[in-house]
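Here is my input; please provide its structure:
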Amino acid sequence: MTTTEKARIAAEIKAFGNTDFSDSPELTGEQLKQLKPSRYRNMASYKSIKKTMNVRLDADVIE
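Okay, the predicted model is just below:
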């Protein structure tokens, strides 16, 4: 992990800590029981599926 990535993650964590959740409803016990672990919990092993796409645009659209 690069220094830039570490700094970005640290900034995101700091910003999250300043988030006001006072208007968010609390989860009930039943809702908590229904929660399932995320399959993307370890994002380092997550590989997004990318597909190649070719697009032709007029020069005036690009400008």
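
from the chain's centre, how far out does the helix or strand hosting Phe16 sit?
Counting by DSSP states H and E, the element that carries Phe16 is helix 3-17. Between the centre of helix 3-17 and the centre of its chain there are 13 Å (CA atoms, centre = their mean, to the nearest Å).

Check what contacts that helix and list those residues.
Taking contacts as CB atoms under 8 Å, 6 or more residues apart in numbering, no residue outside helix 3-17 touches it. (Each C-beta comes from the backbone N, C-alpha and C, glycine too.)

mind saving the C-alpha coords of the helix or strand that it is followed by as PDB?
Proceeding N to C from helix 3-17, the next assigned helix or strand is helix 29-34, under DSSP H and E. Taking C-alpha atoms only, helix 29-34 is exported to PDB below (Å, rounded to 0.1, in the frame of the first residue of the first chain):
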ATOM      1  CA  GLY A  29     -32.800  -7.400  17.500                       C
ATOM      2  CA  GLU A  30     -34.600  -9.100  14.700                       C
ATOM      3  CA  GLN A  31     -32.800  -6.900  12.100                       C
ATOM      4  CA  LEU A  32     -29.500  -7.600  13.700                       C
ATOM      5  CA  LYS A  33     -30.100 -11.400  13.500                       C
ATOM      6  CA  GLN A  34     -30.800 -11.100   9.800                       C
END
